[in-house]
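S.K.: please work out how this folds:
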Amino acid sequence: MGHKLKITGWVAAGAVAGVLTTVSLQTVARGSLAPLPLEELQQLAAVFGMVKSDYVEPVDEKKLISDAISGMVAGLDPHSQYFDKKSFKEFREGTTGRFVGVGIEISQEDGLIKVVSPIEGSPAFRAGLKPNDLITKIDDTAVRGLSLNEAVKRMRGEANTRVLLTIFRKDESRTFPVTITREEIRTQSVRGKVMEPGYGWIRLSQFQERTVDDFVKKVEEIYKEDPNLKGLVLDLRNDPGGLLDAAVAISAAFLPENVTVVSTDGQLAESKSVYKAAPEFYQRRSGSDPLRNLPAALKTVPLVVLVNEGSASASEIVAGALQDHKRATIMGSQTFGKGSVQTVRPLGPDTGLKITTARYYTPSGTSIQAKGIVPNVLIDESAEGSPFAALRMREADLEKHLASGQGPETKDPEREKARDEARKRLEEEAKKPPQDRKVPEFGTDKDFPLMQALNRLKGQPVLVSKTQVIVDNKEEKKEN
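M.R.: Next up, the predicted model:
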């Protein structure tokens, strides 16, 4: 199985990056050997001809075919996708953690783009941009009215090209221009620190090519600062996933050697696989074991894993493996439920097809698809509860989502009522001044779930949720 990983190229697992993605050299699906439905294909050709000849104005043939492929694949499930040239490039950038841009993490505030943090060593960092700076213009385009994605696209571009940002720095009450030369940026997916003597915190925001190496460095830093660690929090909240081998490696860092981390099952023989906590299942080609320098204590240090509705796919693989092997206490909210496997096959030099080929399962054989990981301890986002959790989409909410394959799904009749209440509360929240609406940053002493995780590690009382509802394939129940 480890050899199969090396032969096919790279594998990814994530709600954004593609969940379990294998790029192989094959461009023809195995199913093409089956008899083709000739009558239906003749109808497709007839419709193509009619649109080409009868439509009110000329249409582009390539676009018609591309749209036909996109529609056919999109009708399968929410995660199968046809990649044109542009989307294929963006997909590859998402899994490598590399892109060409200015190097800032951003959010939106009052219609403007807010700098959350410049990436250390990036062009934006060197240009002196600071957290909380507001970007009002990108070149000659006013930012107000642009979506976050549109702003990102305008700031990205070709290497060595320039972009002019107009910055408003609130604490200095001044506006000034900054010209930044774009270059390749490597995103930082790992953060961490010693929260207090004896207790560490490591956050993974995505599973990318550099995540395992960065994780090892961060663990070494924490143990160097505090060699006698009594407990560790692995924070996977809002982590949408990424590369499967990275998820297997992170799991293996905490688990005994050779135990099962995750398995997959589908129609194809290659979809029936078992991934274990051993180097051959996560080690890159011609490389050494990236976990070889980890402190031995990491295998036994008391561990809490934090998850929420935004934890998906690769995050769920890690949480499920550590939960099933009783290596960690999972705390937070029920996860997203992205447990389907996609294979990405190139259709040419710059296009491809991502198609669902299997489901993945935790070591105990439980399907995560459309259900997610249920924490051992349910924790709210704040001491006041999780007022907006009902508004968050999960896999089971997506149209045409794949079922778990392990029993019928059930619906919560109270869900829409809870959503209406959350919408009203959100409207009231929006009327407050911006400074009163800020969500505490992960990794601070105001991070309520993290504080509860530390209490758990110390053996102190934990404020458990009284309201969260578990969505189960067979029943719905309220945890108290």
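S.K.: just for the stretch 351-480 of the chain, where's the confidence low?
M.R.: Where the stretch 351-480 of the chain drops to pLDDT under 70, the residues are 386-394, 397-400, 408-440, 469-480.
S.K.: now for the longest strand along the chain, which elements pack on it?
M.R.: Longest strand in the chain, counting residues (DSSP state E): strand 352-361. Counting contacts by 3 or more Cβ pairs under 8 Å, 6 or more residues apart in numbering; DSSP states H and E, strand 352-361 is packed against helix 61-74, strand 81-83, helix 85-96, strand 260-266, strand 340-346. (Glycine included, C-beta is placed from N, CA and C.)
S.K.: now with 6 Å, please.
M.R.: For strand 352-361, the elements it packs on are strand 81-83, strand 260-266, strand 340-346, judged by 3 or more Cβ pairs under 6 Å, 6 or more residues apart in numbering; DSSP states H and E.
S.K.: phi, psi of K224?
M.R.: Dihedral pair for K224: phi -70, psi -40, per degrees, to the nearest 10.
S.K.: can you count the residues close to L268?
M.R.: By the measure other Cβ atoms under 10 Å, the count of residues near L268 is 15.
S.K.: right, I mislabeled it, should have said T136
M.R.: If you count neighbours by other Cβ under 10 Å, T136 ends up with 16.
S.K.: next up, the contacts around it.
M.R.: 143, 166, 168 (Cβ atoms under 6 Å, 6 or more residues apart in numbering).
S.K.: any idea how far stretch 224-237 is from the middle of the chain?
M.R.: Offset of stretch 224-237 from its chain centre (Cα atoms, centre = their mean, to the nearest Å): 22 Å.
S.K.: and what of stretch 362-378?
M.R.: Centroid displacement of stretch 362-378 relative to its chain, using Cα atoms, centre = their mean, is 17 Å.
S.K.: can you get me the start-to-end distance on that stretch?
M.R.: Taking Cα to Cα, to the nearest Å as the measure, stretch 362-378 stretches 20 Å from start to finish.
S.K.: buried residues, whatever helix or strand F125 lives in. List them.
M.R.: F125 belongs to helix 123-126 when assigned by DSSP states H and E. Of the residues in helix 123-126, 123-125 count as buried by neighbour count, 16 or more other Cβ atoms under 10 Å.
S.K.: which strands and helices sit next to that helix?
M.R.: Against helix 123-126 (3+ Cβ pairs under 6 Å, 6+ apart) you get no helix or strand.
S.K.: outside of that helix, which residues touch it?
M.R.: Contacts of helix 123-126 (Cβ under 6 Å, 6+ apart): 102-104, 118, 180-181, 183.
S.K.: now it: mean pLDDT?
M.R.: Averaging pLDDT along helix 123-126 gives 90.
S.K.: how near is the closest residue to T260 other than its chain neighbours to D245?
M.R.: Excluding its sequence neighbours, the residue lying closest to T260 (Cβ to Cβ, 6 or more residues apart in numbering) is P363, at 4.3 Å. Plainly put, P363 is 17 Å away from D245 if you go by Cβ to Cβ, to the nearest Å.
S.K.: next: S313.
M.R.: Going from S313 to D245 by Cβ to Cβ gives 13 Å.
S.K.: still on that earlier bit, highest mean neighbour count out of the helices and strands packed on strand 352-361?
M.R.: Of all these, strand 340-346 carries the top mean neighbour count, a mean of 24, counting by mean count of other Cβ atoms under 10 Å.
S.K.: now it against strand 260-266, angle please.
M.R.: Relative orientation of strand 340-346 and strand 260-266, computed by axes from the mean of the first three to the mean of the last three Cα atoms, to 10 degrees: 70 degrees.
S.K.: tilt between strand 340-346 and strand 352-361?
M.R.: Going by the same axes, to 10 degrees, strand 340-346 makes 150 degrees with strand 352-361.
S.K.: and strand 340-346, what other elements does it pack with?
M.R.: Against strand 340-346 (3+ Cβ pairs under 6 Å, 6+ apart) you get strand 21-22, strand 352-361.
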